[in-house]
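Chemist: Pasting the sequence and the predicted model now:
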Amino acid sequence: MAQEQPTAAQLDEVKAAVRTLLRQPGYDDGSAGPVLVRLAWHSAGTYCASTNTGGSNGAGMRYEKEGGDPANAGLQHARSFLEPIKAKFPWITYADLWTLASIVSIKEMGGPDIAWVGGRTDYTDDSKLPPRGRLPDGALGAEHLRFIFYRMGFNDQEIVALSGAHNLGRCHADRSGYDGKWVNNPIRFSNQYYKLLLANDWKKKVLPNGVEQFVYVEEDVEAEDGERPEELMMLPTDVSLLSDSSFRPWVERYAADKDLFFDHFAKVFAKLLELGIRRDVNGRIINEENVEDGYRSAPKKSDTATAPGDQNADQLGHEAGPLKNKNTKFQAKKNGAKL
Ligand code: HEM
(Lines give C-alpha, C1' and ligand atoms only; values in the text may rest on other atoms or scores of the structure.)
Protein backbone atom coordinates (compact mmCIF):
# COMPACT_ATOMS: atom_id res chain seq x y z
CA MET A 1 0.00 0.00 0.00
CA ALA A 2 1.22 3.49 -0.78
CA GLN A 3 1.54 5.47 2.40
CA GLU A 4 3.17 8.47 4.02
CA GLN A 5 6.87 8.61 4.77
CA PRO A 6 7.59 7.60 8.37
CA THR A 7 8.10 10.33 10.95
CA ALA A 8 11.27 10.68 13.02
CA ALA A 9 9.37 9.42 16.07
CA GLN A 10 8.25 6.29 14.21
CA LEU A 11 11.80 5.61 13.06
CA ASP A 12 13.09 6.00 16.62
CA GLU A 13 10.76 3.19 17.65
CA VAL A 14 12.16 0.95 14.93
CA LYS A 15 15.73 1.78 15.93
CA ALA A 16 14.95 0.90 19.53
CA ALA A 17 13.46 -2.41 18.39
CA VAL A 18 16.60 -3.21 16.36
CA ARG A 19 18.76 -2.50 19.41
CA THR A 20 16.73 -5.01 21.43
CA LEU A 21 17.08 -7.81 18.94
CA LEU A 22 20.84 -7.50 18.41
CA ARG A 23 21.70 -9.75 21.34
CA GLN A 24 21.27 -13.30 20.03
CA PRO A 25 23.04 -15.68 22.41
CA GLY A 26 22.27 -18.71 20.26
CA TYR A 27 23.65 -17.28 17.06
CA ASP A 28 27.28 -17.05 15.90
CA ASP A 29 29.23 -14.83 18.32
CA GLY A 30 26.12 -13.71 20.17
CA SER A 31 25.00 -10.83 17.97
CA ALA A 32 22.83 -10.39 14.91
CA GLY A 33 24.76 -7.18 14.14
CA PRO A 34 27.40 -8.43 11.69
CA VAL A 35 25.00 -10.28 9.42
CA LEU A 36 22.66 -7.29 9.45
CA VAL A 37 25.54 -5.12 8.24
CA ARG A 38 26.23 -7.59 5.47
CA LEU A 39 22.55 -7.61 4.48
CA ALA A 40 22.58 -3.84 3.95
CA TRP A 41 25.87 -3.95 2.07
CA HIS A 42 24.71 -6.67 -0.30
CA SER A 43 21.39 -4.93 -0.88
CA ALA A 44 23.23 -1.75 -1.91
CA GLY A 45 26.37 -3.24 -3.48
CA THR A 46 24.63 -4.35 -6.66
CA TYR A 47 24.66 -0.77 -7.90
CA CYS A 48 26.06 0.05 -11.32
CA ALA A 49 26.67 3.75 -11.90
CA SER A 50 26.78 3.62 -15.70
CA THR A 51 23.39 1.91 -16.08
CA ASN A 52 21.98 3.33 -12.84
CA THR A 53 20.63 -0.07 -11.81
CA GLY A 54 20.79 -1.98 -8.53
CA GLY A 55 21.18 -0.50 -5.07
CA SER A 56 19.20 -0.66 -1.84
CA ASN A 57 15.95 0.84 -3.16
CA GLY A 58 13.37 -1.90 -3.78
CA ALA A 59 14.64 -4.58 -1.36
CA GLY A 60 15.18 -6.94 -4.27
CA MET A 61 16.60 -9.71 -2.11
CA ARG A 62 13.01 -10.67 -1.23
CA TYR A 63 12.92 -12.24 -4.67
CA GLU A 64 14.68 -15.44 -5.66
CA LYS A 65 16.36 -13.68 -8.57
CA GLU A 66 18.50 -11.66 -6.14
CA GLY A 67 18.04 -13.47 -2.81
CA GLY A 68 19.06 -16.75 -4.42
CA ASP A 69 22.36 -15.38 -5.74
CA PRO A 70 25.01 -17.65 -4.15
CA ALA A 71 26.81 -14.46 -3.06
CA ASN A 72 23.84 -13.80 -0.77
CA ALA A 73 23.93 -17.20 0.93
CA GLY A 74 23.26 -16.83 4.64
CA LEU A 75 21.56 -13.46 4.45
CA GLN A 76 18.22 -15.14 5.07
CA HIS A 77 19.40 -15.18 8.72
CA ALA A 78 19.58 -11.39 8.70
CA ARG A 79 16.24 -11.04 7.00
CA SER A 80 14.53 -13.39 9.39
CA PHE A 81 16.02 -11.60 12.44
CA LEU A 82 14.19 -8.51 11.23
CA GLU A 83 10.83 -10.15 10.59
CA PRO A 84 9.48 -9.55 14.14
CA ILE A 85 10.23 -5.85 13.64
CA LYS A 86 8.43 -5.84 10.32
CA ALA A 87 5.49 -7.55 12.06
CA LYS A 88 5.43 -4.85 14.72
CA PHE A 89 5.92 -1.94 12.33
CA PRO A 90 4.32 -3.09 9.05
CA TRP A 91 4.45 0.44 7.64
CA ILE A 92 8.25 0.37 7.20
CA THR A 93 9.56 -0.76 3.84
CA TYR A 94 11.94 -3.70 3.82
CA ALA A 95 14.40 -1.50 1.91
CA ASP A 96 14.42 1.06 4.73
CA LEU A 97 14.40 -1.56 7.48
CA TRP A 98 17.40 -3.48 6.11
CA THR A 99 19.51 -0.36 5.68
CA LEU A 100 18.44 1.27 8.95
CA ALA A 101 19.19 -1.93 10.90
CA SER A 102 22.79 -1.85 9.66
CA ILE A 103 23.58 1.61 10.94
CA VAL A 104 21.94 0.88 14.29
CA SER A 105 24.02 -2.32 14.50
CA ILE A 106 27.29 -0.56 13.71
CA LYS A 107 26.62 2.09 16.34
CA GLU A 108 25.61 -0.48 18.96
CA MET A 109 28.76 -2.50 18.29
CA GLY A 110 30.88 0.56 19.09
CA GLY A 111 31.14 2.08 15.63
CA PRO A 112 30.50 5.60 14.39
CA ASP A 113 27.20 7.40 13.85
CA ILE A 114 26.28 6.98 10.20
CA ALA A 115 23.92 9.29 8.36
CA TRP A 116 20.82 7.51 7.11
CA VAL A 117 17.88 8.93 5.21
CA GLY A 118 14.73 6.87 4.66
CA GLY A 119 12.14 6.80 1.93
CA ARG A 120 13.15 3.67 0.00
CA THR A 121 10.27 1.76 -1.48
CA ASP A 122 9.75 -2.00 -1.96
CA TYR A 123 9.50 -3.20 -5.54
CA THR A 124 6.28 -4.98 -6.42
CA ASP A 125 7.96 -7.49 -8.73
CA ASP A 126 11.46 -8.56 -9.77
CA SER A 127 11.54 -6.80 -13.14
CA LYS A 128 13.95 -4.07 -12.02
CA LEU A 129 16.42 -6.31 -10.26
CA PRO A 130 20.04 -6.29 -11.39
CA PRO A 131 21.65 -9.44 -12.79
CA ARG A 132 23.50 -11.71 -10.38
CA GLY A 133 27.28 -11.60 -10.15
CA ARG A 134 27.77 -7.95 -9.18
CA LEU A 135 29.14 -8.62 -5.69
CA PRO A 136 32.86 -9.19 -5.04
CA ASP A 137 34.54 -12.60 -5.14
CA GLY A 138 36.81 -13.09 -2.13
CA ALA A 139 39.10 -15.43 -4.07
CA LEU A 140 40.36 -12.65 -6.34
CA GLY A 141 42.63 -9.64 -5.90
CA ALA A 142 43.07 -5.88 -6.14
CA GLU A 143 42.09 -5.51 -9.80
CA HIS A 144 38.85 -7.36 -9.15
CA LEU A 145 38.09 -5.06 -6.20
CA ARG A 146 38.59 -2.06 -8.47
CA PHE A 147 36.39 -3.58 -11.16
CA ILE A 148 33.56 -4.16 -8.66
CA PHE A 149 33.80 -1.00 -6.58
CA TYR A 150 34.62 1.46 -9.39
CA ARG A 151 31.39 0.23 -11.02
CA MET A 152 29.56 1.54 -7.95
CA GLY A 153 31.47 4.83 -8.07
CA PHE A 154 33.97 4.28 -5.24
CA ASN A 155 37.70 5.13 -5.29
CA ASP A 156 40.70 3.29 -3.80
CA GLN A 157 40.51 5.00 -0.40
CA GLU A 158 36.81 4.15 -0.17
CA ILE A 159 37.46 0.51 -1.09
CA VAL A 160 39.92 0.19 1.79
CA ALA A 161 37.59 1.98 4.22
CA LEU A 162 34.66 -0.24 3.28
CA SER A 163 36.78 -3.37 3.68
CA GLY A 164 37.18 -2.41 7.34
CA ALA A 165 33.68 -3.81 7.90
CA HIS A 166 35.50 -7.14 8.15
CA ASN A 167 36.21 -6.11 11.74
CA LEU A 168 32.77 -7.64 12.18
CA GLY A 169 31.41 -11.13 11.92
CA ARG A 170 32.75 -14.26 10.38
CA CYS A 171 32.83 -16.49 7.35
CA HIS A 172 30.74 -19.64 7.38
CA ALA A 173 31.80 -22.76 5.49
CA ASP A 174 28.17 -23.47 4.58
CA ARG A 175 27.60 -19.97 3.17
CA SER A 176 30.66 -18.67 1.35
CA GLY A 177 32.92 -21.69 1.80
CA TYR A 178 35.40 -19.62 3.86
CA ASP A 179 35.63 -20.27 7.57
CA GLY A 180 36.42 -18.16 10.62
CA LYS A 181 36.60 -14.60 11.86
CA TRP A 182 38.95 -11.76 10.96
CA VAL A 183 39.48 -10.39 14.48
CA ASN A 184 39.31 -11.75 18.01
CA ASN A 185 36.18 -9.83 19.00
CA PRO A 186 33.96 -9.87 15.90
CA ILE A 187 31.04 -8.08 17.50
CA ARG A 188 33.00 -4.93 18.37
CA PHE A 189 33.55 -2.36 15.62
CA SER A 190 37.17 -1.16 15.58
CA ASN A 191 40.22 -0.76 13.33
CA GLN A 192 41.66 -4.07 14.49
CA TYR A 193 41.24 -5.59 11.03
CA TYR A 194 43.87 -3.22 9.58
CA LYS A 195 46.21 -3.70 12.53
CA LEU A 196 46.08 -7.48 12.18
CA LEU A 197 46.47 -7.33 8.41
CA LEU A 198 49.73 -5.44 8.85
CA ALA A 199 51.04 -7.13 11.97
CA ASN A 200 50.59 -10.80 11.18
CA ASP A 201 52.27 -13.20 8.87
CA TRP A 202 49.24 -14.49 6.93
CA LYS A 203 49.73 -18.01 5.62
CA LYS A 204 47.75 -19.62 2.87
CA LYS A 205 45.60 -22.54 4.02
CA VAL A 206 43.50 -24.92 1.98
CA LEU A 207 40.30 -25.84 3.80
CA PRO A 208 38.79 -29.35 3.63
CA ASN A 209 36.33 -28.04 1.03
CA GLY A 210 39.23 -26.97 -1.20
CA VAL A 211 38.75 -23.23 -0.58
CA GLU A 212 41.94 -21.20 -0.06
CA GLN A 213 42.11 -18.52 2.62
CA PHE A 214 44.83 -16.92 4.74
CA VAL A 215 45.21 -17.74 8.43
CA TYR A 216 47.18 -16.78 11.47
CA VAL A 217 47.31 -18.40 14.89
CA GLU A 218 48.77 -16.54 17.82
CA GLU A 219 51.30 -19.12 18.98
CA ASP A 220 52.05 -17.75 22.44
CA VAL A 221 48.66 -16.52 23.49
CA GLU A 222 46.45 -18.71 25.61
CA ALA A 223 42.76 -18.05 26.12
CA GLU A 224 41.57 -17.71 29.72
CA ASP A 225 40.44 -21.32 29.86
CA GLY A 226 43.86 -22.47 28.73
CA GLU A 227 42.70 -23.34 25.23
CA ARG A 228 44.24 -22.06 22.05
CA PRO A 229 42.32 -19.05 20.65
CA GLU A 230 40.41 -19.54 17.43
CA GLU A 231 42.53 -19.18 14.32
CA LEU A 232 41.98 -15.83 12.58
CA MET A 233 41.48 -15.53 8.84
CA MET A 234 41.68 -13.18 5.88
CA LEU A 235 40.23 -13.53 2.41
CA PRO A 236 42.54 -13.29 -0.61
CA THR A 237 40.85 -9.93 -1.37
CA ASP A 238 41.69 -8.68 2.16
CA VAL A 239 45.34 -9.69 1.80
CA SER A 240 45.50 -8.02 -1.63
CA LEU A 241 45.10 -4.65 0.12
CA LEU A 242 48.62 -5.12 1.47
CA SER A 243 50.43 -5.67 -1.81
CA ASP A 244 48.72 -2.93 -3.81
CA SER A 245 50.63 0.36 -3.74
CA SER A 246 47.50 2.49 -3.80
CA PHE A 247 45.52 0.49 -1.22
CA ARG A 248 48.31 -0.15 1.28
CA PRO A 249 48.86 3.45 2.48
CA TRP A 250 45.20 3.55 3.53
CA VAL A 251 45.53 0.26 5.42
CA GLU A 252 48.46 1.83 7.26
CA ARG A 253 46.63 5.07 8.01
CA TYR A 254 43.51 3.30 9.27
CA ALA A 255 45.58 0.92 11.42
CA ALA A 256 47.31 3.91 13.02
CA ASP A 257 44.33 6.20 13.39
CA LYS A 258 41.02 4.75 14.56
CA ASP A 259 39.26 8.14 14.48
CA LEU A 260 40.23 8.66 10.86
CA PHE A 261 38.92 5.21 9.99
CA PHE A 262 35.63 5.81 11.84
CA ASP A 263 35.20 9.15 10.08
CA HIS A 264 35.92 7.72 6.63
CA PHE A 265 33.88 4.59 7.24
CA ALA A 266 30.84 6.61 8.31
CA LYS A 267 31.04 8.66 5.13
CA VAL A 268 31.57 5.77 2.75
CA PHE A 269 28.92 3.54 4.33
CA ALA A 270 26.37 6.37 4.12
CA LYS A 271 27.32 6.76 0.45
CA LEU A 272 26.88 3.01 -0.11
CA LEU A 273 23.34 3.08 1.29
CA GLU A 274 22.40 5.96 -1.02
CA LEU A 275 23.65 4.38 -4.26
CA GLY A 276 21.04 4.57 -7.00
CA ILE A 277 18.76 6.80 -4.97
CA ARG A 278 17.86 10.24 -6.29
CA ARG A 279 16.33 12.77 -3.92
CA ASP A 280 14.74 16.19 -4.31
CA VAL A 281 15.81 19.16 -2.19
CA ASN A 282 13.57 17.97 0.64
CA GLY A 283 15.21 14.55 0.69
CA ARG A 284 12.24 12.81 -0.89
CA ILE A 285 13.23 9.99 -3.26
CA ILE A 286 12.32 10.77 -6.86
CA ASN A 287 13.18 7.46 -8.50
CA GLU A 288 10.45 6.46 -10.94
CA GLU A 289 8.85 3.74 -8.81
CA ASN A 290 8.91 5.94 -5.68
CA VAL A 291 7.18 8.78 -7.51
CA GLU A 292 4.59 6.41 -8.94
CA ASP A 293 3.85 4.39 -5.81
CA GLY A 294 5.00 6.63 -2.96
CA TYR A 295 6.38 4.95 0.16
CA ARG A 296 5.13 1.48 -0.56
CA SER A 297 5.99 -1.20 1.99
CA ALA A 298 5.63 -4.81 0.93
CA PRO A 299 3.43 -6.92 3.17
CA LYS A 300 5.30 -8.86 5.82
CA LYS A 301 6.49 -12.25 4.68
CA SER A 302 4.85 -15.16 6.36
CA ASP A 303 7.24 -17.16 8.51
CA THR A 304 5.06 -20.18 8.81
CA ALA A 305 3.88 -22.59 6.13
CA THR A 306 2.37 -20.93 3.09
CA ALA A 307 -1.20 -19.94 3.82
CA PRO A 308 -3.79 -20.28 1.05
CA GLY A 309 -3.69 -17.14 -1.01
CA ASP A 310 -0.43 -16.03 0.59
CA GLN A 311 0.56 -13.03 -1.48
CA ASN A 312 4.19 -13.60 -0.60
CA ALA A 313 4.40 -17.16 -1.78
CA ASP A 314 6.80 -16.19 -4.55
CA GLN A 315 9.03 -14.24 -2.21
CA LEU A 316 11.93 -15.61 -0.27
CA GLY A 317 9.78 -16.05 2.79
CA HIS A 318 9.13 -18.81 5.28
CA GLU A 319 12.75 -18.66 6.31
CA ALA A 320 12.74 -18.40 10.06
CA GLY A 321 11.87 -21.93 11.19
CA PRO A 322 14.54 -24.03 9.47
CA LEU A 323 17.22 -21.52 10.44
CA LYS A 324 16.80 -22.19 14.13
CA ASN A 325 17.97 -25.77 13.59
CA LYS A 326 20.97 -24.64 11.60
CA ASN A 327 21.96 -22.18 14.31
CA THR A 328 21.72 -24.80 17.01
CA LYS A 329 23.99 -27.10 15.00
CA PHE A 330 26.47 -24.27 14.41
CA GLN A 331 26.64 -23.50 18.14
CA ALA A 332 27.20 -27.16 18.95
CA LYS A 333 30.05 -27.33 16.43
CA LYS A 334 31.56 -24.09 17.71
CA ASN A 335 31.37 -25.06 21.37
CA GLY A 336 32.34 -28.69 20.96
CA ALA A 337 34.68 -29.29 18.07
CA LYS A 338 37.04 -26.33 17.67
CA LEU A 339 36.74 -24.67 14.29
C1 HEM B 1 35.92 -6.05 -0.55
C2 HEM B 1 35.22 -7.06 -1.05
C3 HEM B 1 34.48 -8.00 -0.15
C4 HEM B 1 34.50 -9.35 -0.22
C5 HEM B 1 35.25 -10.19 -1.26
C6 HEM B 1 33.71 -9.85 0.87
C7 HEM B 1 33.49 -11.17 1.13
C8 HEM B 1 32.90 -11.66 2.28
C9 HEM B 1 32.74 -13.05 2.59
C10 HEM B 1 33.20 -14.22 1.73
C11 HEM B 1 32.14 -13.12 3.80
C12 HEM B 1 31.73 -14.37 4.57
C13 HEM B 1 30.26 -14.71 4.34
C14 HEM B 1 29.85 -15.94 5.10
O15 HEM B 1 30.44 -17.00 4.86
O16 HEM B 1 28.93 -15.84 5.94
C17 HEM B 1 31.91 -11.77 4.25
C18 HEM B 1 31.34 -11.45 5.46
C19 HEM B 1 31.08 -10.16 5.84
N20 HEM B 1 31.26 -9.03 5.09
FE21 HEM B 1 32.29 -8.89 3.37
N22 HEM B 1 33.20 -8.79 1.57
C23 HEM B 1 33.64 -7.64 0.97
C24 HEM B 1 33.30 -6.35 1.34
C25 HEM B 1 32.48 -6.04 2.40
C26 HEM B 1 31.94 -4.74 2.63
C27 HEM B 1 32.14 -3.53 1.71
C28 HEM B 1 31.21 -4.81 3.78
C29 HEM B 1 30.43 -3.74 4.47
C30 HEM B 1 30.76 -2.46 4.38
C31 HEM B 1 31.31 -6.17 4.25
C32 HEM B 1 30.76 -6.65 5.41
C33 HEM B 1 30.80 -7.97 5.81
C34 HEM B 1 30.36 -8.44 7.13
C35 HEM B 1 29.83 -7.56 8.26
C36 HEM B 1 30.53 -9.82 7.13
C37 HEM B 1 30.23 -10.79 8.28
C38 HEM B 1 28.87 -11.39 8.09
C39 HEM B 1 28.50 -12.39 9.15
O40 HEM B 1 29.11 -12.43 10.22
O41 HEM B 1 27.55 -13.15 8.91
N42 HEM B 1 32.07 -6.89 3.37
N43 HEM B 1 32.38 -10.91 3.31
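Modeler: That came through, no problem. Numbering: from 1, shown residues only.
Chemist: which SS state does residue 185 fall under?
Modeler: At residue 185 the chain is in coil, as set by DSSP: H, G, I helix; E, B strand; the rest coil.
Chemist: my guess is residue 201 meets residue 216, correct?
Modeler: Yes: here residue 201 lies in contact with residue 216, judged by Cβ atoms under 8 Å, at a distance of 6.7 Å. C-beta: built from backbone N, CA, C; applies to glycine.
Chemist: the more surrounded of the two?
Modeler: A direct count of neighbours by other Cβ atoms under 10 Å for residue 201 and residue 216 places residue 216 higher, at 17 against 6.
Chemist: What number of residues are in the vicinity of the residue of the chain found nearest the ligand?
Modeler: In the chain, the residue found nearest to the ligand is residue 169; the distance is 2.2 Å by Cβ to the nearest ligand atom. By the criterion of other Cβ under 10 Å, residue 169 has 22 neighbours.
Chemist: Also the one 3 residues further on?
Modeler: For residue 172, the count of nearby residues is 19 (other Cβ under 10 Å).
Chemist: ok, now residue 214?
Modeler: Around residue 214 there are 18 residues (other Cβ under 10 Å).
Chemist: check which helix or strand covers it.
Modeler: Element membership of residue 214, judged by DSSP states H and E, is strand 212-216.
Chemist: Likewise for residue 205?
Modeler: Under the criterion of DSSP H and E, residue 205 resides in strand 203-206.
Chemist: if you average pLDDT over that strand, what comes out?
Modeler: Averaged across strand 203-206, pLDDT comes to 97.
Chemist: by contact count, what packs against that strand?
Modeler: Applying 3 or more Cβ pairs under 8 Å, 6 or more residues apart in numbering; DSSP states H and E, we find strand 203-206 packed against strand 212-216.
Chemist: avg pLDDT for the following helix or strand past the strand it packs on?
Modeler: Going down the chain from strand 212-216, the next helix or strand is strand 232-234, by DSSP H and E. For strand 232-234, mean pLDDT rounds to 98.
Chemist: what about strand 232-234 and the ligand, touching?
Modeler: No: Strand 232-234 stays out of contact with the ligand when judged by Cβ under 6 Å from any ligand atom, the minimum separation being 9.7 Å.
Chemist: and whatever helix or strand comes next after that strand with strand 212-216, angle?
Modeler: Next along the chain after strand 232-234, taking DSSP H and E as the criterion, comes helix 236-243. Put simply, helix 236-243 runs at 60 degrees to strand 212-216, going by axes from the mean of the first three to the mean of the last three Cα atoms, to 10 degrees.
Chemist: Which secondary structure elements does helix 236-243 sit against?
Modeler: helix 142-152, helix 156-163, helix 192-199, strand 212-216, helix 248-256.
Chemist: JSON lines please, covering those and showing mean pLDDT.
Modeler: Below are those laid out as JSON lines (pLDDT from 0 to 100):
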{"stretch": "helix 142-152", "mean pLDDT": "98"}
{"stretch": "helix 156-163", "mean pLDDT": "98"}
{"stretch": "helix 192-199", "mean pLDDT": "98"}
{"stretch": "strand 212-216", "mean pLDDT": "97"}
{"stretch": "helix 248-256", "mean pLDDT": "98"}
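Chemist: quick one on the thing from earlier: could you name the helices and strands sitting against the strand holding residue 214?
Modeler: By 3+ Cβ pairs under 8 Å, 6+ apart, strand 212-216 packs against strand 203-206, strand 232-234, helix 236-243.
Chemist: Quick check: which of the ones you listed is buried the most?
Modeler: strand 232-234 (a mean of 23; mean count of other Cβ atoms under 10 Å).
Chemist: Measure how far that strand is from the centre of its chain, please.
Modeler: The chain centroid and the centroid of strand 232-234 are separated by 18 Å under Cα atoms, centre = their mean, to the nearest Å.
Chemist: again, but for stretch 160-174
Modeler: Computed by Cα atoms, centre = their mean, the separation of stretch 160-174 from the middle of its chain amounts to 9 Å.
Chemist: Mind jotting down where the helices sit in the stretch 1-150 of the chain?
Modeler: Under the criterion DSSP state H, counting those that start in this stretch, the stretch 1-150 of the chain contains helices at 8-21, 33-44, 64-67, 75-88, 94-108, 142-152.
Chemist: how about these in a markdown table, adding distance to residue 190?
Modeler: Converted to a markdown table, these look like this (distance: least, Cβ to Cβ, whole Å):
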| stretch | distance to residue 190 |
| --- | --- |
| helix 8-21 | 19 |
| helix 33-44 | 13 |
| helix 64-67 | 31 |
| helix 75-88 | 21 |
| helix 94-108 | 11 |
| helix 142-152 | 22 |
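Chemist: Save those helices as CSV, and put in mean neighbour count too.
Modeler: Putting the helices of the stretch 1-150 of the chain into CSV (neighbours: other Cβ atoms under 10 Å) gives the following:
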stretch, mean neighbour count
helix 8-21, 15
helix 33-44, 26
helix 64-67, 19
helix 75-88, 21
helix 94-108, 26
helix 142-152, 17
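Chemist: The nearest residue to residue 239 once chain neighbours are set aside pairs with what?
Modeler: Once flanking residues are discounted, residue 239 sits nearest to residue 214: 5.2 Å by Cβ to Cβ, 6 or more residues apart in numbering. For residue 214, the beta-bridge partners are residue 204, residue 234 (DSSP bridges).
Chemist: Residue 196 versus residue 214, what's the distance?
Modeler: Separation of residue 214 from residue 196 (Cβ to Cβ, to the nearest Å): 11 Å.
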